[in-house]
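>>> Pasted the sequence and its predicted model underneath.
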Amino acid sequence: MNNNYSTSNKVLPAFIYGLIVFTVLSRLFPHPLNFSSVGGLALFAGAFMPLRSAWIAPIFTLLITDAVTGFYDPVVMIFVYISFICSTLIGHYILHKQRSVLRLGSSAFISAYVFYMVSNFGFWLVGNYYPLTIDGLITCYVRAIPYFKHTLAGDVLYTFLLFGCYELIVLSNRLSTQHKAK
């Protein structure tokens, strides 16, 4: 157990920096709206980084890419950023101590759902697109369903990809260390 901990401590900082670069690049290349690796990054950061600083990875990534692609309505932006802070909390409370396929899939689904609910509430709250009524809010959520599919697909894909790559790197590193010790 101790060897595993020291191996992952050596790999983790470089992996986190690599994930930030990967996430920035994946947001800058053409992709379907809301199909992004930011949710996976937020879950990963929440699972592996100290909670007090885990939120920095997704927020920093969003700030960089929003600065390049152009900032948008500040109210919507705040709600989008809040949703990824929530995803970081989800990663911490569901994945920090124990990870399994079920926990990863559940976390990705919850993260996508929180993003859908929070970001669309912010979009409705702006008042430029939908009337500030219950009917307007319902219409906003209904019209956002196609984007939820993209968010869910991106969160599931990138969550499994990021966590899987990390585990493979740690395993490879551990096997290499054991092989050198023989």
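It's in.

>>> At the geometric centre of the protein, which residue sits there?
Nearest residue to the geometric centre of the chain (Cα atoms, centre = their mean): G39, 1.8 Å.

>>> after the helix or strand hosting that residue comes which helix or strand?
Counting by DSSP states H and E, the element that carries G39 is helix 38-48. Moving toward the C-terminus from helix 38-48, the next helix or strand (DSSP H and E) is helix 51-54.

>>> Buried residues in the top helix by length along the chain, which are they?
Criterion DSSP state H: the longest helix present in the chain is helix 145-181. Neighbour counts over helix 145-181 (16 or more other Cβ atoms under 10 Å) mark 147-148, 150-152, 154-156, 158-159, 162-163, 166, 169-170, 174 as buried. C-beta: built from backbone N, CA, C; applies to glycine.

>>> Could I get the average pLDDT for it?
The predicted model assigns helix 145-181 a mean pLDDT of 92.

>>> counting contacts, what elements does that helix pack onto?
Applying 3 or more Cβ pairs under 8 Å, 6 or more residues apart in numbering; DSSP states H and E, we find helix 145-181 packed against helix 2-28, helix 38-48, helix 101-126.

>>> what's the angle from it to helix 38-48?
On the basis of axes from the mean of the first three to the mean of the last three Cα atoms, to 10 degrees, helix 145-181 is oriented at 40 degrees to helix 38-48.

>>> low-confidence ranges in the protein?
1-8, 182 (pLDDT under 70).

>>> where's the closest residue in space to C165 that isn't next to it in sequence relative to L171, distance?
Nearest residue to C165, sequence neighbours excluded (Cβ to Cβ, 6 or more residues apart in numbering): F15, at 8.0 Å. As defined by Cβ to Cβ, to the nearest Å, F15 lies at a distance of 13 Å from L171.

>>> on that earlier part again, which of the buried residues of helix 145-181 lies closest to L43?
T159 (5.5 Å; Cβ to Cβ).

>>> in stretch 108-127, what's buried?
In stretch 108-127, counting by 16+ other Cβ under 10 Å, buried: 108, 110-116, 118-125.

>>> for the helix or strand where I85 lies, the distance to its chain's centre please.
Here I85 sits within helix 74-90, counting by DSSP H and E. Remark: helix 74-90 is offset 10 Å from the chain centroid, using Cα atoms, centre = their mean, to the nearest Å.

>>> if we can go back for a sec, would you turn the helices and strands packed on helix 145-181 into a markdown table with distance to S87?
A markdown table is the format used below for those (distance: least, Cβ to Cβ, whole Å):
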| stretch | distance to S87 |
| --- | --- |
| helix 2-28 | 12 |
| helix 38-48 | 4 |
| helix 101-126 | 4 |
